[in-house]
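**Student:** let me see the structure of the following:
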Amino acid sequence: MRGFARSLIGIIILALIGGYYYFYEVRYRGEKLKEKEKSRKIYPLEKANICKIIYQHDGKKIILEKNGADWLIKSPISAKADNKEVGTFVDTLSGIKVFRTLQDAKCDDPEFGLKKNPVIITFVNKKGIWARATFGKVNPTDSYFYTRRGEDQKVLLAWIYPKKLLQKSLYDFRVKKVLSIPSSDVTEIRIYRKGTTINLRKTGVHTWKLEAPIKAKGDRYTIEGFISSLVGEKVVRFLDTPPKDPETFGFEKPRLKISLTIKSSTAKKPGTPSSGKNTMEKIITLLTGKDRDAGHLYVKVTGSPSVMIVKKSFFKNADKKLFDLRDKNVWDFDTDTITHIK
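**Tutor:** Residues are numbered from 1 along each chain as shown. Model (predicted):
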């Protein structure tokens, strides 16, 4: 019995030690470490829950909001944002930490640059909780930025890499493609050039048919390459408040006018009588105008107030002739179906 009692006491002691270790060393101290780590962050918000960004610098304000999985620019213009660019911005800034707090330093000291023309970035999460940080000059060692959190008067040092994260422009945040659409969603193409119209219609996953000015099989590879060149072209610069006179850019008599019919499928709302997906259709018309200079020209999507400046090579890739777009094979059959040659 005495041996059993000693064993039981030993088990109880081990249980107490184990309980102490779990609740204090693992759970309690672990939570304390998490709290300490959170207190070091400039932005104490979970990056996955950030749904709004307000970027202020040089008298300008850029507002971005998340809509589902996509980011949108809400101000000073309404446009799609570059999800990758914005995602990197949020990931990096939401993870920066305080390196050191400067004791007895006043945030209004011009040396820190926190009062005169600083960069102010505010994050807002899904619950409407916001976190703001002000970024001033770089310290003398060119390693850290002088920073302050919210309305706190303490001057902090924070390491931020790359430094260009604090030098963002509207151009950086926005989608920089001429057309922000999936190539596979294009189902019809109309090319208007010098009084002639070429009409192409998609008849299969990778098959196209010429319907005007003649009826013929389309060259799949040329047509798909043509669409890719339109979608993939990068905008060099956006003119968001251009002169209203169309003659400034040559859009009243465009050198080339291209209309694309886009069909995309979206899931139906719950509760609708039919199952499956809705098919949405829209037409996007692209105009190419005058040359801006030796290497660039003006391009515009009708309905958008912005004028885009792109490289002149864009026109060369877009200016397809009838011969380019029709199938040039002598035999009109699938070579994979050949079983015998005489």
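**Student:** going forward, measure contacts between C-alpha atoms and count neighbours the same way
**Tutor:** Fine.
**Student:** and the nearest residue to P182 once chain neighbours are set aside, what element?
**Tutor:** Spatial nearest neighbour of P182, chain neighbours left out: V231 (7.7 Å); criterion: Cα to Cα, 6 or more residues apart in numbering. Using DSSP states H and E, V231 sits within helix 220-232.
**Student:** elements contacting that helix?
**Tutor:** Counting contacts by 3 or more Cα pairs under 8 Å, 6 or more residues apart in numbering; DSSP states H and E, helix 220-232 packs against helix 313-318, helix 322-325.
**Student:** and of the ones you listed, who's closest to F99?
**Tutor:** Proximity to F99 (Cα to Cα) singles out helix 313-318 among the helices and strands packed on helix 220-232, at 47.7 Å.
**Student:** now the closest one: buried residues?
**Tutor:** F314, F315, A318 (16 or more other Cα atoms under 10 Å).
**Student:** contacting residues for the second one?
**Tutor:** This points to F315. T288 (Cα atoms under 8 Å, 6 or more residues apart in numbering).
**Student:** so it versus V155, what's the distance?
**Tutor:** 53 Å (Cα to Cα, to the nearest Å).
**Student:** picking up where we left off before, for the buried residues of helix 313-318, which one is nearest D245?
**Tutor:** Using Cα to Cα, these come closest to D245 at F315, 22.3 Å.
**Student:** tell me how far that closest one lies from S183.
**Tutor:** Distance, F315 to S183, by Cα to Cα: 18 Å.
**Student:** contacting residues for L179?
**Tutor:** L230, V231, G232, E233.
**Student:** out of those residues, which is most surrounded?
**Tutor:** Counting neighbours by other Cα atoms under 10 Å, L230 comes out on top of the contacts of L179 with 21 neighbours.
**Student:** run through the stretch 201-342 of the chain and note the low-pLDDT ranges.
**Tutor:** 246, 265-278, 331-338, 342 (pLDDT under 70).
**Student:** do that again at 90, thanks
**Tutor:** 232, 241-248, 263-281, 305, 328-342 (pLDDT under 90).
**Student:** strands of that one, start to end?
**Tutor:** Under the criterion DSSP state E, counting those that start in this stretch, the stretch 201-342 of the chain contains strands at 208-212, 216-217, 237-239, 256-267, 277-291, 296-301, 307-311.
**Student:** can you list those strands in TSV and add mean neighbour count?
**Tutor:** Formatted as TSV, the strands of the stretch 201-342 of the chain follow (neighbours: other Cα atoms under 10 Å):
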stretch	mean neighbour count
strand 208-212	20
strand 216-217	17
strand 237-239	15
strand 256-267	17
strand 277-291	16
strand 296-301	22
strand 307-311	22
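**Student:** and these: which comes nearest K177?
**Tutor:** strand 307-311 (9.6 Å).
**Student:** what lines up beside that closest one in the sheet?
**Tutor:** According to DSSP bridges, strand 307-311 forms sheet pairs with strand 237-239 (antiparallel), strand 296-301 (antiparallel).
**Student:** among those, which comes closest to G218?
**Tutor:** Nearest of the strands paired with strand 307-311 (Cα to Cα): strand 296-301, 25.4 Å.
**Student:** and the angle for the closest one with strand 256-267?
**Tutor:** For strand 296-301 against strand 256-267, the angle by axes from the mean of the first three to the mean of the last three Cα atoms, to 10 degrees is 40 degrees.
**Student:** measure how strand 296-301 sits relative to strand 277-291, angle-wise.
**Tutor:** 150 degrees.
**Student:** got the helices and strands packed on helix 220-232 as a markdown table, with distance to F135 columns?
**Tutor:** Formatted as a markdown table, the helices and strands packed on helix 220-232 follow (distance: least, Cα to Cα, whole Å):
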| stretch | distance to F135 |
| --- | --- |
| helix 313-318 | 40 |
| helix 322-325 | 54 |
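**Student:** nearest to T197, of these?
**Tutor:** helix 322-325 (9.4 Å).
**Student:** and the closest one, which residues are buried?
**Tutor:** Buried, per 16+ other Cα under 10 Å, within helix 322-325: L325.
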